[in-house]
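Novice: Just need the structure, nothing else, for what follows:
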Amino acid sequence: MREIKFRGRKINSTEWVCGDLRKTQNGNAGISVNGKLYIVDAETVGQYTGLKDKNGTEIYEGDILKDLDELPLYIEFSEKRAAFCFVDKFDSYGKCLYTTKDLHWEDFEVVGNVHDNPELLEIQN
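Specialist: Numbering: from 1, shown residues only. Predicted coordinates for the structure are as follows:
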């Protein structure tokens, strides 16, 4: 059975929490960890893909990964394909290029995420 969990950055913090996604009575996004509810920035919430990178790091929606060619890709969910996808910002204008079934994801390494490290998706000279 695939593990279903989410990650989000705590409000007014740089700390990330992983656990069950909840909606508070006030309509805020929350992540429940061991019975404790943390209010998180809804824009940062991403689902665990069920995959791990070459170092054993869990891969979440919004993560930025690099392969042996050092090309940055990020993970997003495509409703059209009903799958988590690798997106290359520099090809096809940021369209979902490959699903996690199309590439050898175990050759990739998580190097950051689109919320904390957007500069990783910039062209490096």
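Novice: State the next helix or strand along the chain beyond the helix or strand bottoming out on mean pLDDT in the chain.
Specialist: Of all helical and strand segments in the chain, the minimum by mean pLDDT, DSSP states H and E falls on strand 96-99, at a mean of 67. Sequence-wise, the next helix or strand downstream of strand 96-99 (DSSP states H and E) is strand 109-113.
Novice: Show me how far that next one is from its chain's centre.
Specialist: Computed by C-alpha atoms, centre = their mean, to the nearest Å, the chain-centroid distance of strand 109-113 equals 9 Å.
Novice: Check stretch 31-50 too.
Specialist: So, by C-alpha atoms, centre = their mean, the centroid of stretch 31-50 is 12 Å from its chain's centroid.
Novice: distance between the ends of it?
Specialist: Taking C-alpha to C-alpha, to the nearest Å, stretch 31-50 runs 18 Å from one end to the other.
Novice: Name the residues of that stretch that are buried.
Specialist: Within stretch 31-50, the residues that count as buried by 16 or more other C-beta atoms under 10 Å are 31, 38-40, 44-49. For glycine as for every other residue, the C-beta is placed from the backbone atoms N, C-alpha and C.
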